[in-house]
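Undergrad: structure of the sequence below:
(3 chains)
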Amino acid sequence: MSEGFEPRIVGFFCKWCTYAGADLAGTSRLQYPPNVLPIRVMCSSRVDPVFLLTAYLRGADAVLIGGCHPGDCHYIEGNYYTRRRVALLKNIFETLKLDTERLRLSWISASEGPRFAKVITEYTENTKKIGPNPAKNKIFI
Amino acid sequence: MSKVFKINKPAEEGLVGFLKHLLDSGKVKGVMTLVKNDAPVDSAKYSVNYSLVTKSEALGNAVPLYPLMPANAGSLLSDLTIKQPLKEPIAVVLKPCEIRAFVELVKREQGHLDNMLLISSSCGGVYQFDVFVNEDMDKKLPDYWKAVKNLDLYDSLRPTCNGCIHFEPYTADITVDLVGNKNLDKECTMYINTENGQKYIDGMEGKSSEAALDKKPLKEFLEKRERERNQLFSDISDQIVGLDNLINTFGRCLGCHGCGNTCPICYCILCDFESKNHEFSPSTYETELSKRGGIRVPPNTLLYHLGRLTHMSYSCIGCGLCSDVCPVDIPVSTIFVRVGENAQKLFDYVPGRDVDEKIPLTKFEKDEFAEVEE
Amino acid sequence: MAKTNNKTDAKSMKGTVISTKEGLSKAITDFLKQAFEKNCFDTILIPVKVPANDSYAWVLLKDPALLDDANPLAPIMPVQGGKALSSILKHGVTDSSIAAVIRPCEMKAAIELYKLKQVKLDNITLITMDCPGVLPLKDWFKNPDEGEKKFKDIIKKWDDKDVRPLCQICDKFSVPLNEENATYPDLHFGVLGCSDGTGFVIPGSSKGEEILDTVGLTATKEVDKWESKVNEVTTQKRKKRSEAHKALNKEVGGSKNLPVAFALCINCHNCMRVCPVCYCQHCYFDSEALNKPPEVHLMRAAQKGSLLFKPDCLLFQVGRMSHMTLSCVSCGTCEDACPMSIKVGQVFSMVADQSQDAFNYQAGRSKDVPHPLRVFEDEQELDQVVTMCKDILETGEHK
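TA: Residues are numbered from 1 along each chain as shown, chains lettered A, B, ... in the order given. Modelled structure (predicted):
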């Protein structure tokens, strides 16, 4: 854990819920750490596990997927598929003993500005604790 | 109790006779089976390949039970039926894992099961390519059949074959009894599992009876295989845990993508990892250089393997072809079977068991995996 | 030597003497370190030992410390250097200048890829060396430490009995002397014909000369000894090559033998994927174009009674040949990647020599000679082809 380490977190946010939630957090002037690089996707189920792996191996300290709460998906059932995919990826990470702590799935709805701020704060703190991603300076990835 | 059909000839000869009967009687239009090439590659080396045979004379060189998998027949059947289902019936003789592969492909709309008589056998495993290419197979084959009869493991086989616990076919119409069958030199014993199978057997010369499969020796064999499987997994465990070990294990990968290309489950015509999506532009190279001081070229070695795991591990049937085609001897199949086993447990899924069972990632329950979300 | 575009001709070909007491590899890396310090280039592409110490991989490096694990004369060639270069420079040029330390056949592949518009060579320094060949991957992975030792011996004695079959008959292991219009590497490390513990650095372009100048070396020494030895070895190898090709032709030539030569092929297409000049992102032979309805397959099978499945294994081999034979640099990477130990590299190189001869072309010799299938001449050429075809029809063989 290097002193003053500021993690970089790549976030994949669903346009209908989490991204709008982030907007709400902003317009409500809630304070949260600036460590997230948000990427807007039309639905959390647009996120192939390979996106997360790419971010991880290219050196993102953590990856966050934000989607609608189960049952609230704009496309009816997209986030159920997301949940299965993340379960699979976490399972693979567990088998290979990679850091599952660098992967997170959170349901944050458009009205949950405070929850957005809380998740980001929590995740950033946690990532600070576990330190920089070791993949960041590997040459043979 | 299940239906048994016995032909008074050695297993392979009996089976070839049955195939000839099917062709001659016009019950099937063609037969897909392993065939020995009649021209030797060199002095005593014959190649063995799958062929689609339509005339019974051409079955003279057929070796349907030969312990080799030059390509996963599941992919071949997909090639055959990807455009349309068969209009006229054919018989196919394949290994249990090849049927499972084909069933997985059918689930992915890469082929059709219609009009296909699936003949399989309890499988003792297949030879590694290295052994097949470099050693005298005429001398080696008796050892193989001895091991199959006596329910022994045999070390010239693919490692994942020795650790395979799905050696009994799931969805075959007809199963040739091989594993643990002491009489396979004398008679060909076939279990008829479906009415479809019975339909094709009718009219063939042989003895029909009802008998229960003696499960006890198979159970012992399963235990042996399970022990070997766990041994394989524990041997490989320190090679695949943690980022550093993964980099060490896959460091020698030269990016030929032979593993994905021969994998029956990896059916994509243009793999994402071979597409422009994963090419680095010159500026990406420079960004990565500024982060790391150096970057492997071509990049994305580990990403390819981890990515492929996320795309197909839950359907990995453990045929072992990937390890066999790897030019740098990475134990790809052992790793994929290891990871696949956990993924399959997670979804309580056995790939290729049942064509009506949905692929885990194309279905969901409303109340499940709540622990994944934080 | 004939005139070249690179301001080098026979009379002015000169070099500077360096010490190779600790091996040619060490001499090259030491030189690179010096040039790096003097900012002759910003990054280097060079084979580096992988973390498990059992193989080599191409690394584009900026951090000079990484050069300690680098080996410009790696004992194996898992990835062809031309392919590695294309991976970096396919879509444009880097801002930083790159020095690529590659083997002669890798430079040839790079030049072919340049003509096929798969790599840009504007901002790059090409550095090559006299190449003793590389070990087959299959032998290497049996015991990498042993391989390392074996290869040290090979460099020392220039003994080719353990290197890849294609390296054994390679006649382009150095720079192309006595060739018209040849493109030279910016710098070449020559050791053939030099007394023990010494070698030459020979600039092949003004860029190379500048780098030598910056490092504080001047190319003033005559390199006759090296040239005559290179010529001598080339003659030997050419003889060996033509004998090997003749024998192979007997073995695999003809419509009866060729299918047997590829009988073990399992359609994994590893050969195509590792081939530096097979650059297509999506190979025709992997495409949907070859998917046919089942009736078509059954019909084809019915004609002969039996159809190899997957069909058209030979179509892939000969088809691929027709696509790339004029650019084939005979590197042998395909043969190394074949899981069934088919002599695919040897067959392809044999065919390539003939087809390139027919067009009076040598793959990778010159950046400025256009690829034969991208130019044409008038009727005279047509006449030649017609006569050639007539010959083949009448006598059953070419020439």
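
Undergrad: which ones are touching residue B:128?
TA: B:156, B:157, B:158, B:324 (C-beta atoms under 8 Å, 6 or more residues apart in numbering or on different chains). Any C-beta I mention is one placed from the backbone N, CA and C, and that applies to glycine too.

Undergrad: spatially nearest residue to the last one, not counting backbone neighbours?
TA: The shortest distance from residue B:324 to any non-neighbouring residue, by C-beta to C-beta, 6 or more residues apart in numbering or on different chains, is to residue B:129 (4.7 Å).

Undergrad: same deal with the second one?
TA: Leaving out its chain neighbours, the residue that sits closest to residue B:157 by C-beta to C-beta, 6+ apart is residue B:125, at 3.9 Å.

Undergrad: what of the third one?
TA: Ranked by C-beta to C-beta, 6+ apart and with sequence neighbours excluded, the top spatial neighbour of residue B:158 is residue B:320, at 3.7 Å.

Undergrad: burial measure for that neighbour, as a count.
TA: Around residue B:320 there are 28 other residues, counting by other C-beta atoms under 10 Å in any protein chain shown.

Undergrad: OK, contacts around it?
TA: B:69, B:126, B:158, B:159, B:160, B:161, B:333.

Undergrad: again, only this time at 10 Å
TA: B:69, B:72, B:97, B:125-126, B:128, B:157-164, B:331-334, B:336-337 (C-beta atoms under 10 Å, 6 or more residues apart in numbering or on different chains).

Undergrad: quick check: closest non-adjacent residue to residue B:289.
TA: residue C:62 (4.8 Å).

Undergrad: where's that neighbour relative to residue C:97, distance?
TA: Separation of residue C:62 from residue C:97 (C-beta to C-beta, to the nearest Å) stands at 12 Å.

Undergrad: okay, and the common contacts of the two?
TA: C:42, C:43.

Undergrad: since we're on whichever residue of the stretch 101-250 of chain C sits closest to chain B, how many residues are nearby?
TA: Taking C-beta to the nearest C-beta, chain B has its nearest neighbour within the stretch 101-250 of chain C at residue C:141, 5.0 Å off. By the criterion of other C-beta under 10 Å, residue C:141 has 19 neighbours.

Undergrad: over to the one 4 residues further on?
TA: Applying other C-beta under 10 Å, we find 9 other residues in the vicinity of residue C:145.

Undergrad: tell me the secondary structure of residue C:390, please.
TA: helix (DSSP: H, G, I helix; E, B strand; the rest coil).

Undergrad: so which bits of whichever strand or helix holds residue C:336 are buried?
TA: Assigning secondary structure by DSSP states H and E places residue C:336 in helix C:333-337. In terms of neighbour count (16 or more other C-beta atoms under 10 Å in any protein chain shown), helix C:333-337 has its buried residues at C:333, C:334, C:335, C:336, C:337.

Undergrad: could you find the closest non-adjacent residue to the third one?
TA: Spatial nearest neighbour of residue C:335, excluding adjacent residues (C-beta to C-beta, 6+ apart): residue C:345 at 3.2 Å.

Undergrad: buried stuff in the host helix or strand of that neighbour?
TA: Per DSSP H and E: residue C:345 is located in helix C:344-358. By neighbour count with 16+ other C-beta under 10 Å, helix C:344-358 contains the buried residues C:344, C:345, C:346, C:347, C:348, C:349, C:350, C:351, C:352, C:353, C:355, C:356.

Undergrad: was I right about the first one contacting residue C:261?
TA: In other words, residue C:344. Yes - here residue C:344 reaches residue C:261: they are 8.7 Å apart, a contact under C-beta atoms under 10 Å.

Undergrad: residues in contact with both of the two, list them for me.
TA: In contact with both residue C:344 and residue C:261: residue C:317, using C-beta under 10 Å, 6+ apart.

Undergrad: now do the helices in the chain.
TA: With no chain named, the answer covers chain A. Applying DSSP state H to chain A gives helices spanning A:18-27, A:49-57, A:78-95, A:113-130.

Undergrad: actually, chain B is the one I wanted.
TA: Using DSSP H, helices in chain B cover B:11-24, B:73-81, B:96-107, B:129-134, B:137-149, B:159-162, B:195-201, B:215-240, B:243-250, B:258-262, B:282-292, B:301-312, B:321-325, B:332-346.

Undergrad: tell me what the fifth one is packed against?
TA: Helices and strands in packing contact with helix B:137-149 are listed as helix B:11-24, helix B:129-134; criterion 3 or more C-beta pairs under 10 Å, 6 or more residues apart in numbering or on different chains; DSSP states H and E.

Undergrad: export it as CSV, just CAs?
TA: Output of helix B:137-149 as CSV, limited to C-alpha atoms (Å, rounded to 0.1, in the frame of the first residue of the first chain):
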residue,chain,number,x,y,z
MET,B,137,0.6,-47.5,-33.0
ASP,B,138,0.3,-51.2,-34.0
LYS,B,139,2.4,-52.1,-31.1
LYS,B,140,0.7,-49.7,-28.7
LEU,B,141,-2.9,-50.4,-29.4
PRO,B,142,-3.1,-53.8,-27.6
ASP,B,143,-1.9,-52.1,-24.4
TYR,B,144,-4.8,-49.7,-24.8
TRP,B,145,-7.4,-52.4,-25.2
LYS,B,146,-5.9,-54.3,-22.3
ALA,B,147,-6.3,-51.2,-20.1
VAL,B,148,-9.9,-50.7,-21.3
LYS,B,149,-10.8,-54.3,-20.4
